[in-house]
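1. Need the 3D shape of this:
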Amino acid sequence: MRYTEEERYWIWLASVDGIGIGKFNKLVDIYGLPENVIRNADRKVYSYPFMDEPTSKALLDSLNQSYIDAFIESMDKQNIRIITQVNNNYPDLLKTIYNPPLMLYCKGNTEVLRCEKKLSVVGTRRPTRYGSNATVKLCAELAHSGVCIVSGMARGIDTYSHRGALEGKGTTIAVLGCGVDIIYPPENKDIYHKIIENGVIISEYKPGTEPVASHFPVRNRIISGLSKALLVVEASKKSGTLITIEFAQEQGRDVLAIPGNIDSIMSETPNNLIKEGCAPITSSDDILSWCGWGKRASIDTVKIKQLDLSELTIINVLSQGETLFDELLASLDFTRPQLMTMLLNLELKGIIEKLPGNKYAVKVH
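-> Got it, this is the predicted structure:
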């Protein structure tokens, strides 16, 4: 995969063992740019108070072209794309959080990161049937309406949120606490591959990084930071979900909650959030309205299953909102006659509608 010269130097410095966000920023403060660090760093880096000896040695050992060439080649072989803060696909909203990731290792379609309508969904790893069913239903409806579902691919609510997004034929982002080349938990192998096909798996950790317990609270700032709002489904009052809620509140994100059974410990956190003033969510329309994302798309599941891959590609684009014919043509790999025919067929099926100004949109309630 090709990177600009600016991206290469950013990747070069950020990929050095021991160079975390803090050291990266301090070195850039001293040298001006990542490129200047790579071109001008010498043994004086040992004298910087923030640079320990192993990191200083690793940096100096990396100061040759073969290092970055080999690193990028290794990523390419694994179909891993690196999105740095200077890449257009790096989410603008994520840049606004405290200590945003220097870069994201990605498997899948990195264009998904640019989706403006993102909702993060979190909750317990041991949901009730009510919680799991509600998560799948809401996420399927939202995904079908063009909302990208963000979660962490952990057991429980995370898994059900991704599953719902996939059932809704939409997009989803999984934020891992390990390398993107590691499937964790292992029982999510199938959903891992489906997410790569219909979304993107991301991590700030290098490929090969094992899922260590301390990584997950840190990655939670990314889950909340990617989205306009955070939806809490089920969680006890001592749940790790509270960490993500705190990040969301610090980041100025809206926190929404699904009310639950007052006799269930898994309803303690969402019910408490509602008592404290968070918006209670009982339908996908509540979320769309709260976030200002319009109305829910109204394609029934029977019609969805009858669409072929080309038609689904068109629907995924139109789910983002009203789109001009020429914009559709430019974004899809179809000829003008092919696209006109498929749009007409989708109109006849009652799935899309043609609007004034040669625009098309998914039919809504």
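
2. Next, give phi and psi for the closest residue to Leu176 other than its chain neighbours.
-> With sequence-adjacent residues excluded and distances taken as C-beta to C-beta, 6 or more residues apart in numbering, Leu176 is closest to Ser203, at 4.3 Å. To be clear about C-beta, it is placed using only N, CA and C from the backbone, and glycine gets the same treatment. Phi and psi for Ser203, reported as degrees, to the nearest 10, are phi -160, psi 150.

3. What of Ser132?
-> Dihedral pair for Ser132: phi -70, psi -40, per degrees, to the nearest 10.

4. That one: neighbour count?
-> Neighbourhood size, Ser132 [other C-beta atoms under 10 Å]: 21.

5. nearest residue to it other than its sequence neighbours?
-> Tyr160 (4.8 Å).

6. And the pLDDT for the one you found?
-> What the model reports as pLDDT for Tyr160 is 97.

7. That one falls within a helix, correct?
-> Yes. Counting by DSSP: H, G, I helix; E, B strand; the rest coil, Tyr160 is located in a helix.

8. right, and it touches Thr135 too?
-> Yes. The criterion here is C-beta atoms under 8 Å, and Tyr160 meets it with Thr135 at 4.0 Å.

9. quick one: common contacting residues for these two?
-> Pro127 (C-beta atoms under 8 Å, 6 or more residues apart in numbering).

10. quick one, strands of the chain?
-> Remark: strands assigned in the chain by DSSP state E are 81-84, 103-108, 118-122, 148-151, 172-175, 199-203, 229-232, 254-257, 279-280, 323-324, 352-355, 359-362.

11. Format those as JSON lines; extra columns: mean pLDDT and distance to Glu210.
-> As requested, those are exported to JSON lines (pLDDT from 0 to 100; distance: least, C-beta to C-beta, whole Å):
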{"stretch": "strand 81-84", "mean pLDDT": "98", "distance to Glu210": "20"}
{"stretch": "strand 103-108", "mean pLDDT": "98", "distance to Glu210": "14"}
{"stretch": "strand 118-122", "mean pLDDT": "98", "distance to Glu210": "22"}
{"stretch": "strand 148-151", "mean pLDDT": "98", "distance to Glu210": "21"}
{"stretch": "strand 172-175", "mean pLDDT": "98", "distance to Glu210": "16"}
{"stretch": "strand 199-203", "mean pLDDT": "98", "distance to Glu210": "12"}
{"stretch": "strand 229-232", "mean pLDDT": "98", "distance to Glu210": "27"}
{"stretch": "strand 254-257", "mean pLDDT": "96", "distance to Glu210": "31"}
{"stretch": "strand 279-280", "mean pLDDT": "92", "distance to Glu210": "38"}
{"stretch": "strand 323-324", "mean pLDDT": "88", "distance to Glu210": "43"}
{"stretch": "strand 352-355", "mean pLDDT": "86", "distance to Glu210": "46"}
{"stretch": "strand 359-362", "mean pLDDT": "85", "distance to Glu210": "42"}
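
12. Turn the ones you listed into TSV, including distance to Glu246 and mean neighbour count.
-> What follows is these, written out as TSV (distance: least, C-beta to C-beta, whole Å; neighbours: other C-beta atoms under 10 Å):
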stretch	distance to Glu246	mean neighbour count
strand 81-84	26	22
strand 103-108	22	24
strand 118-122	12	28
strand 148-151	17	29
strand 172-175	16	30
strand 199-203	21	26
strand 229-232	11	26
strand 254-257	10	22
strand 279-280	18	15
strand 323-324	38	17
strand 352-355	42	16
strand 359-362	36	20
